[in-house]
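Visitor: Structure of the sequence below:
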Amino acid sequence: MKVVVLSDTHAPRRWKSCPPRVAEHLRGADAILHAGDVCVPGVLDELAAYAPVHVVKGNNDGPDIRAPETLELDLGGLRVAMIHDSGTARGRLARMRRRFPTADLVVFGHSHIPLDESDESDGGFRVFNPGSPTDRRRQPHGTLGILRIEDGHLVEAEIVPVT
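Guide: Residues are numbered from 1 along each chain as shown. Next up, the predicted model:
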(Lines give C-alpha, C1' and ligand atoms only; values in the text may rest on other atoms or scores of the structure.)
Protein backbone atom coordinates (compact mmCIF):
# COMPACT_ATOMS: atom_id res chain seq x y z
CA MET A 1 0.00 0.00 0.00
CA LYS A 2 1.31 3.43 -0.96
CA VAL A 3 0.15 6.35 1.23
CA VAL A 4 0.96 9.96 0.41
CA VAL A 5 1.14 12.26 3.44
CA LEU A 6 0.58 16.02 3.19
CA SER A 7 0.16 18.85 5.64
CA ASP A 8 -0.01 22.62 5.69
CA THR A 9 -0.96 23.20 2.06
CA HIS A 10 -2.41 26.62 3.04
CA ALA A 11 -4.64 27.19 0.01
CA PRO A 12 -5.29 29.43 -1.74
CA ARG A 13 -2.36 31.56 -0.53
CA ARG A 14 0.21 28.80 -1.10
CA TRP A 15 -1.69 26.08 -3.01
CA LYS A 16 -3.40 27.51 -6.10
CA SER A 17 -3.86 24.03 -7.54
CA CYS A 18 -2.04 20.75 -7.06
CA PRO A 19 1.63 21.36 -7.88
CA PRO A 20 2.87 19.04 -10.65
CA ARG A 21 5.64 17.56 -8.47
CA VAL A 22 3.03 16.70 -5.82
CA ALA A 23 0.69 15.22 -8.44
CA GLU A 24 3.49 12.90 -9.61
CA HIS A 25 3.50 11.25 -6.18
CA LEU A 26 -0.29 11.20 -5.83
CA ARG A 27 -0.68 9.10 -8.95
CA GLY A 28 -0.92 5.48 -7.87
CA ALA A 29 -1.56 6.29 -4.21
CA ASP A 30 -3.88 3.96 -2.32
CA ALA A 31 -4.67 6.63 0.30
CA ILE A 32 -3.83 10.24 1.10
CA LEU A 33 -3.40 11.62 4.61
CA HIS A 34 -3.66 15.38 5.14
CA ALA A 35 -2.56 16.52 8.61
CA GLY A 36 -4.41 19.84 8.55
CA ASP A 37 -4.22 23.45 7.44
CA VAL A 38 -5.97 22.62 4.20
CA CYS A 39 -7.71 26.03 4.45
CA VAL A 40 -10.19 25.56 1.55
CA PRO A 41 -12.32 22.47 0.81
CA GLY A 42 -11.38 22.49 -2.88
CA VAL A 43 -7.97 21.04 -1.98
CA LEU A 44 -9.65 17.94 -0.54
CA ASP A 45 -11.79 17.57 -3.67
CA GLU A 46 -8.67 17.85 -5.81
CA LEU A 47 -6.85 15.22 -3.73
CA ALA A 48 -9.86 12.87 -3.73
CA ALA A 49 -9.51 12.58 -7.52
CA TYR A 50 -6.33 10.58 -6.84
CA ALA A 51 -7.24 8.39 -3.83
CA PRO A 52 -9.37 8.33 -0.67
CA VAL A 53 -8.43 11.24 1.62
CA HIS A 54 -8.25 11.20 5.43
CA VAL A 55 -7.90 14.63 7.04
CA VAL A 56 -7.72 16.30 10.44
CA LYS A 57 -8.53 19.92 11.17
CA GLY A 58 -5.64 22.36 11.46
CA ASN A 59 -5.49 25.64 13.36
CA ASN A 60 -6.04 27.59 10.11
CA ASP A 61 -9.00 25.50 8.97
CA GLY A 62 -12.42 27.10 9.28
CA PRO A 63 -15.85 25.48 9.62
CA ASP A 64 -15.98 24.70 5.89
CA ILE A 65 -13.27 22.06 6.44
CA ARG A 66 -15.31 19.21 7.87
CA ALA A 67 -12.71 17.20 9.73
CA PRO A 68 -12.12 15.94 13.26
CA GLU A 69 -9.33 17.24 15.52
CA THR A 70 -7.86 13.73 15.70
CA LEU A 71 -8.37 10.58 13.69
CA GLU A 72 -7.40 6.95 14.20
CA LEU A 73 -7.56 4.51 11.30
CA ASP A 74 -6.29 1.20 10.04
CA LEU A 75 -4.25 1.38 6.83
CA GLY A 76 -3.43 -2.07 5.56
CA GLY A 77 -3.22 -3.37 9.13
CA LEU A 78 -1.06 -0.48 10.38
CA ARG A 79 -2.69 1.53 13.19
CA VAL A 80 -2.32 5.20 12.28
CA ALA A 81 -3.34 8.24 14.33
CA MET A 82 -3.47 11.80 13.03
CA ILE A 83 -3.38 15.19 14.73
CA HIS A 84 -2.39 18.61 13.39
CA ASP A 85 -0.36 19.99 16.29
CA SER A 86 1.68 17.51 18.33
CA GLY A 87 3.04 20.20 20.67
CA THR A 88 6.65 21.02 21.41
CA ALA A 89 9.49 18.83 20.20
CA ARG A 90 10.60 18.03 23.73
CA GLY A 91 8.85 14.89 24.92
CA ARG A 92 6.90 14.46 21.67
CA LEU A 93 7.30 10.68 21.35
CA ALA A 94 6.13 9.99 24.91
CA ARG A 95 3.32 12.55 24.66
CA MET A 96 2.00 11.08 21.40
CA ARG A 97 2.25 7.55 22.81
CA ARG A 98 0.11 8.61 25.78
CA ARG A 99 -2.39 10.38 23.51
CA PHE A 100 -2.64 7.45 21.05
CA PRO A 101 -1.76 4.32 23.06
CA THR A 102 -2.75 1.81 20.36
CA ALA A 103 -1.15 3.58 17.37
CA ASP A 104 1.89 2.28 15.51
CA LEU A 105 2.37 5.64 13.78
CA VAL A 106 1.24 9.20 14.51
CA VAL A 107 1.09 11.63 11.57
CA PHE A 108 1.10 15.34 12.36
CA GLY A 109 1.85 18.71 10.81
CA HIS A 110 1.75 22.34 12.00
CA SER A 111 5.48 23.10 12.23
CA HIS A 112 6.19 22.71 8.47
CA ILE A 113 9.35 20.90 9.60
CA PRO A 114 9.68 17.36 8.18
CA LEU A 115 10.34 14.73 10.83
CA ASP A 116 10.51 10.95 10.98
CA GLU A 117 11.32 9.76 14.49
CA SER A 118 10.84 6.41 16.18
CA ASP A 119 11.28 4.82 19.58
CA GLU A 120 12.80 1.36 19.21
CA SER A 121 12.34 0.74 22.94
CA ASP A 122 8.58 1.09 22.34
CA GLY A 123 8.24 -1.45 19.54
CA GLY A 124 9.25 1.07 16.89
CA PHE A 125 6.45 3.53 17.71
CA ARG A 126 6.88 6.32 15.20
CA VAL A 127 5.90 9.95 14.64
CA PHE A 128 5.94 11.45 11.16
CA ASN A 129 5.55 15.02 9.90
CA PRO A 130 5.67 15.38 6.11
CA GLY A 131 6.48 19.10 6.26
CA SER A 132 4.66 21.31 3.75
CA PRO A 133 4.79 20.99 -0.03
CA THR A 134 3.97 24.68 -0.52
CA ASP A 135 5.17 26.66 2.52
CA ARG A 136 8.67 25.50 3.40
CA ARG A 137 9.32 28.25 5.95
CA ARG A 138 12.91 27.83 7.10
CA GLN A 139 13.38 24.47 5.35
CA PRO A 140 15.48 23.99 2.21
CA HIS A 141 12.57 22.40 0.27
CA GLY A 142 8.83 21.96 0.25
CA THR A 143 8.17 18.31 1.13
CA LEU A 144 5.61 15.54 1.37
CA GLY A 145 5.76 12.06 2.83
CA ILE A 146 5.45 8.62 1.28
CA LEU A 147 4.59 5.60 3.42
CA ARG A 148 4.76 2.03 2.16
CA ILE A 149 2.79 -0.49 4.17
CA GLU A 150 3.00 -4.26 3.74
CA ASP A 151 1.21 -6.87 5.85
CA GLY A 152 0.42 -4.38 8.61
CA HIS A 153 3.99 -3.07 8.84
CA LEU A 154 5.47 0.24 7.82
CA VAL A 155 8.28 -0.93 5.57
CA GLU A 156 9.30 2.52 4.32
CA ALA A 157 8.73 6.12 5.36
CA GLU A 158 10.28 8.77 3.19
CA ILE A 159 10.33 12.57 3.20
CA VAL A 160 10.35 13.69 -0.43
CA PRO A 161 11.41 17.17 -1.62
CA VAL A 162 8.93 18.64 -4.13
CA THR A 163 10.35 22.15 -4.62
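Visitor: Excluding chain neighbours, give the residue nearest to residue 95 in space.
Guide: Counting by Cβ to Cβ, 6 or more residues apart in numbering, residue 95 lies nearest to residue 87, which is 6.0 Å off, once chain neighbours are set aside. Placement of C-beta: from N, CA and C, glycine included.
Visitor: Tell me the buried residues in the one helix or strand residue 144 maps to?
Guide: Secondary structure from DSSP states H and E places residue 144 in strand 143-150. Under the neighbour-count criterion of 16 or more other Cβ atoms under 10 Å, strand 143-150 has 143-147, 149 buried.
Visitor: Give me the angle between the helix or strand just after it and strand 143-150.
Guide: Once the chain leaves strand 143-150, the next helix or strand it forms, by DSSP H and E, is strand 153-161. Per axes from the mean of the first three to the mean of the last three Cα atoms, to 10 degrees, the angle that strand 153-161 makes with strand 143-150 is 160 degrees.
Visitor: How far off centre is strand 153-161?
Guide: For strand 153-161, the separation from the chain centroid amounts to 11 Å (computed by Cα atoms, centre = their mean, to the nearest Å).
Visitor: list the buried ones in that strand?
Guide: Neighbour counts over strand 153-161 (16+ other Cβ under 10 Å) mark 154, 157, 159-160 as buried.
Visitor: returning to what we had before: how close does the residue nearest to residue 95 get to residue 98?
Guide: In this view, residue 87 and residue 98 are 11 Å apart by Cβ to Cβ, to the nearest Å.
Visitor: likewise residue 110?
Guide: Noted for residue 110: a distance of 18 Å to residue 98, by Cβ to Cβ.
Visitor: Comparing those two, which shows the higher neighbour count?
Guide: Ranked by neighbour count (other Cβ atoms under 10 Å), residue 110 and residue 98 place residue 110 first, with 20 against 9.
Visitor: what's the pLDDT at the more buried one?
Guide: Looking at residue 110, its pLDDT stands at 97.
Visitor: Show me what the least confident helix or strand in the chain by mean pLDDT is packed up against.
Guide: Taking mean pLDDT, DSSP states H and E as the measure, the chain has strand 115-119 as its least confident helix or strand, at a mean of 94. When contacts are defined as 3 or more Cβ pairs under 8 Å, 6 or more residues apart in numbering; DSSP states H and E, strand 115-119 sits against helix 92-99, strand 125-129.
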